[in-house]
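*Asks:* quick check, what structure comes out for this input:
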Amino acid sequence: MGPYDISRIAITLMIELALMFRKFRRGALAVPMLLVLSGCNMVVMNPSGDIAVQQRDLIVLSTVLMLLIILPVMALTVFFAWKYREANKADYAPEWHHSTRLEVVIWAAPLAIIIALGAVTWVSTHMLDPYRPLDRISEGKPVDPAVKPLTVEVVSLDWKWLFIYPDYGIASVNEMAAPVDVPINFKITSDGVMNSFYVPALAGQIYSMAGMETKLHAVINKPGTYEGFSANYSGAGFSDMRFAFHGLDKTGFDAWVKTVKSSGDALGRPEFLALAKPSEKEPVHHYGTVDPGLYHAILNMCVEEGKTCMDQMMNHQGHGEATSDAGQICLPGEQRVAAAALPMSLAPATKQ
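*Replies:* Prediction:
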């Protein structure tokens, strides 16, 4: 075997190794890509509620408007790199420094797109305000004034969701249902740390906070079972803080309410305090009867016996009166601050 043969074998081995490396690299890149794609859920782009549909359209429109700038810039970057490569004989004008037409395009096009995005943002921010009552069920279908909206009181707990239906006197844990094409008025609060209520198929996420009430107006347009979850990290059980949202026709919703009512469990203050203890992967369960004042007590942080409700404390302070419970305000974590020590300038104003 001569030197020529050895060189040829070496070159062949190098080529084979290069091909093997290329195949390995493609495979190595394909594995994480497949893992990423396996977790994709396009529910945001395929919604089932009118609010989520409008949000989807807003995402698409905003993306298209931004691509009107991004794509030409990327294309021109490649074009100029190719046109003025060293091997090309294209004209080179080192003294060139100004073009009125080019300046107009460079500044006018982005400015027009920014104005368009600003207008779209302004309109959509007000139209899709979660506190704004619905004025339509779907495109071309206004809200029927004769249809009473469904009220759902939502409470985030560690690490589960409580849904109270005040009009029906029932409640459920980690499961809720709503009739199709009926406006839903969500009242949302938390019994502990801040969380985020999110059903991607229904509407955007909205935070839940202790001692505060946030609101969401939405509607589900298609029957089905959709996933809801917390979109805000809240501790050890956060990843399993999920619930089922059932969109049902009127007959199906009435049957669901009847099923919940048939439960022998009652949800009062003692039962709520037991439920509020941290737990993970809480199973679905129903309460056939609910204390009518429970949500108010949760919102005002006075479920425990002997605690002064926040709204009562604020009302007393606004009138310069002493609070009950030795003039103390009850806060999370059993911290107490003397109400008498608070300056009156910090007390909320009330009508005399």
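
*Asks:* what is the neighbour count of Val173?
*Replies:* 20 (other Cβ atoms under 10 Å). C-beta: built from backbone N, CA, C; applies to glycine.

*Asks:* what pLDDT does the model give it?
*Replies:* pLDDT for Val173: 98.

*Asks:* quick check: bridge partners of it?
*Replies:* Beta-bridge pairing of Val173 under DSSP bridges involves Leu162, His285.

*Asks:* average pLDDT for the strand or helix carrying Val73?
*Replies:* Val73 is located in helix 50-83, with elements delineated by DSSP states H and E. Mean pLDDT, helix 50-83: 93.

*Asks:* got the buried residues for that helix?
*Replies:* Residues 50-56, 58 are the ones in helix 50-83 that count as buried (16 or more other Cβ atoms under 10 Å).

*Asks:* could these be laid out in a markdown table, adding distance to Val290?
*Replies:* Shown next, in a markdown table, are the buried residues of helix 50-83 (distance: Cβ to Cβ, whole Å):
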| residue | distance to Val290 |
| --- | --- |
| Asp50 | 29 |
| Ile51 | 27 |
| Ala52 | 29 |
| Val53 | 33 |
| Gln54 | 33 |
| Gln55 | 32 |
| Arg56 | 35 |
| Leu58 | 37 |
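
*Asks:* tell me which of those is nearest to Leu117?
*Replies:* Among these, Leu58 lies closest to Leu117 (Cβ to Cβ), at 10.5 Å.

*Asks:* how near is the closest one to Val154?
*Replies:* The gap separating Leu58 from Val154 is 24 Å, by Cβ to Cβ, to the nearest Å.

*Asks:* likewise for Val303?
*Replies:* Distance from Val303 to Val154, by Cβ to Cβ: 16 Å.

*Asks:* and if you look at Pro200?
*Replies:* 16 Å.

*Asks:* can you check the pLDDT for Phe245?
*Replies:* 98.

*Asks:* OK, contacts around it?
*Replies:* 176-178, 199, 201-202, 220, 225-228 (Cβ atoms under 8 Å, 6 or more residues apart in numbering).

*Asks:* looking at those, which one is closest to Ala87?
*Replies:* Distances from Ala87 to the contacts of Phe245, taken by Cβ to Cβ, are shortest for Ala201, at 54.6 Å.

*Asks:* for Leu157, see how far away the closest one is.
*Replies:* The gap separating Ala201 from Leu157 is 23 Å, by Cβ to Cβ.

*Asks:* neighbour count: those two, which is higher?
*Replies:* Shown here are Ala201 and Leu157; by other Cβ under 10 Å, Leu157 has more neighbours (26 against 22).

*Asks:* how does the chain divide into domains?
*Replies:* Domain assignment for the chain, taken from automatic domain parsing, gives 50-85+100-127, 138-299, 310-346.

*Asks:* residue ranges in the protein under the pLDDT threshold?
*Replies:* 1-41, 316-352 (pLDDT under 70).

*Asks:* can you map out the helices along it?
*Replies:* Ranges of helices in the chain, per DSSP state H, are 3-38, 50-83, 100-127, 250-261, 269-275, 294-299, 310-318, 324-327.

*Asks:* so the second one versus helix 100-127, what angle?
*Replies:* Computed with axes from the mean of the first three to the mean of the last three Cα atoms, to 10 degrees, the direction of helix 50-83 lies at 160 degrees from that of helix 100-127.

*Asks:* before we move on, the earlier item: of the contacts of Phe245, which belong to strands?
*Replies:* Using DSSP state E, 176-178, 225-228 are the members of the contacts of Phe245 that sit in strands.

*Asks:* let me have these in CSV, extended by distance to Ile114 and neighbour count.
*Replies:* Shown next, in CSV, are the ones in strands among the contacts of Phe245 (distance: Cβ to Cβ, whole Å; neighbours: other Cβ atoms under 10 Å):
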residue, distance to Ile114, neighbour count
Met176, 41, 23
Ala177, 43, 23
Ala178, 39, 25
Thr225, 41, 12
Tyr226, 36, 20
Glu227, 36, 14
Gly228, 35, 23
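
*Asks:* which of the residues you listed sits closest to Ser262?
*Replies:* Among these, and counting by Cβ to Cβ, the member closest to Ser262 is Ala177, at 14.6 Å.

*Asks:* quick check: bridge partners of the closest residue in space to that closest one that isn't next to it in sequence?
*Replies:* Nearest residue to Ala177, sequence neighbours excluded (Cβ to Cβ, 6 or more residues apart in numbering): His246, at 4.0 Å. Applying DSSP bridges to His246 gives these bridge partners: Ala177, Thr225.

*Asks:* neighbours around His246, how many?
*Replies:* 17.

*Asks:* ok, now Met127?
*Replies:* Residues lying near Met127 (other Cβ under 10 Å) number 12.

*Asks:* just the one 5 residues further on next, same as before
*Replies:* The number of residues packed around Arg132, counting by other Cβ under 10 Å, is 11.

*Asks:* touching, it and Ser124? I think so.
*Replies:* No. Judged on Cβ atoms under 8 Å, Arg132 makes no contact with Ser124 at a distance of 11.5 Å.
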